[in-house]
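Visitor: Okay, here's the prediction I keep looking at, along with the sequence it came from:
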Amino acid sequence: DNETTGNTAVGYGTGYRNVTGQNNTWVGYGAGLGASGQSNSSNVGVGMNALTSITTAAESVMVGHLAGDAITTGGSNTGLGKGALGTTVSGTRMVAVGQGALGNGAITSNHSVAVGMDAGLSLTSGTVVAMGYNAAVAMTTGVGNVAIGSGSLAAHTTGNENIAIGSGAASGLTIGQRNV
């Protein structure tokens, strides 16, 4: 008996390795599978392999195939869409809505928001608010960047405190600081 309470698991391998964690809901093949001997609590994973690598993360909600599938310790995250927050490992307090949103950069930072397909796709560290298809898609590092509009800051890879509003705004900017 693994002493878990308040957990709901539907699907092959769901929540299988969660030892003492409580109040989780797992739905879909491999959702919340986790690492051997680990415990996590108050998570929701819906979709094939959603939160499948989870170890000790808590209070995260992932809905979609491979949503948050690499998260191990990062908690208080919300991901909606296939591959949303897909390679994030330890980032916390992030919101990703849309297929691939914040999904490819192995994020270890906190407090980013991405809405739209592939918005903030490559972010690894820093913070970004990216709203729109491919907004800040190439950004890897930077603090305080805002990209609102389809393709805004699309080529930007590094830099801090840049603001681009409108479809394609600053889409050719690759590096830089404090641009509006």
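Guide: Good, I have the coordinates. Numbers count the residues shown, from 1 in each chain.
Visitor: Please verify my assumption that Tyr29 contacts Met48.
Guide: Yes. At 4.7 Å, Tyr29 counts as touching Met48 under the criterion of C-beta atoms under 8 Å. (Glycine included, C-beta is placed from N, CA and C.)
Visitor: who has more neighbours, those two?
Guide: With neighbours defined as other C-beta atoms under 10 Å, Tyr29 and Met48 compare such that Met48 has more, 19 against 16.
Visitor: OK, contacts around that one?
Guide: Neighbouring residues of Met48 by C-beta atoms under 8 Å, 6 or more residues apart in numbering: 28-31, 65-66.
Visitor: residue contacts, the residue nearest the centre of the chain?
Guide: Residue closest to the mean C-alpha point of the chain, counted by C-alpha atoms, centre = their mean, is Leu85 at 2.1 Å. Contacts for Leu85 (C-beta under 8 Å, 6+ apart) come out as 62, 67-68, 71, 77, 79, 91, 94, 96, 101-103, 107.
Visitor: same thing but at 7 Å, please
Guide: 62, 67-68, 71, 77, 79, 94, 96, 102-103 (C-beta atoms under 7 Å, 6 or more residues apart in numbering).
Visitor: Any chance of CSV for those, columns neighbour count?
Guide: Output for the contacts of Leu85, formatted as CSV (neighbours: other C-beta atoms under 10 Å):
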residue, neighbour count
Met62, 31
Ala67, 34
Gly68, 37
Ile71, 32
Asn77, 28
Gly79, 33
Met94, 29
Ala96, 35
Leu102, 34
Gly103, 32
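Visitor: Quick one: end-to-end length of stretch 147-159, please.
Guide: By C-alpha to C-alpha, to the nearest Å, the extent of stretch 147-159 from end to end equals 13 Å.
Visitor: What strand or helix carries the closest residue to Leu123 other than its chain neighbours?
Guide: Taking C-beta to C-beta, 6 or more residues apart in numbering, and ignoring the residues beside it in sequence, Leu123 has Gly105 as its nearest neighbour in space, at 4.5 Å. Gly105 belongs to no helix or strand when assigned by DSSP states H and E.
Visitor: surely Gly105 meets Met139?
Guide: No. Taking C-beta atoms under 7 Å as the definition, Gly105 is not a contact partner of Met139, at 8.5 Å.
Visitor: Looking at those two, which is more packed in?
Guide: Counting neighbours by other C-beta under 10 Å for Gly105 and for Met139 shows that Met139 has the greater number, 28 against 23.
Visitor: isn't that one right next to Ser125, touching?
Guide: No. Look at Met139 against Ser125 with C-beta under 7 Å: they stay out of range, at 10.2 Å.
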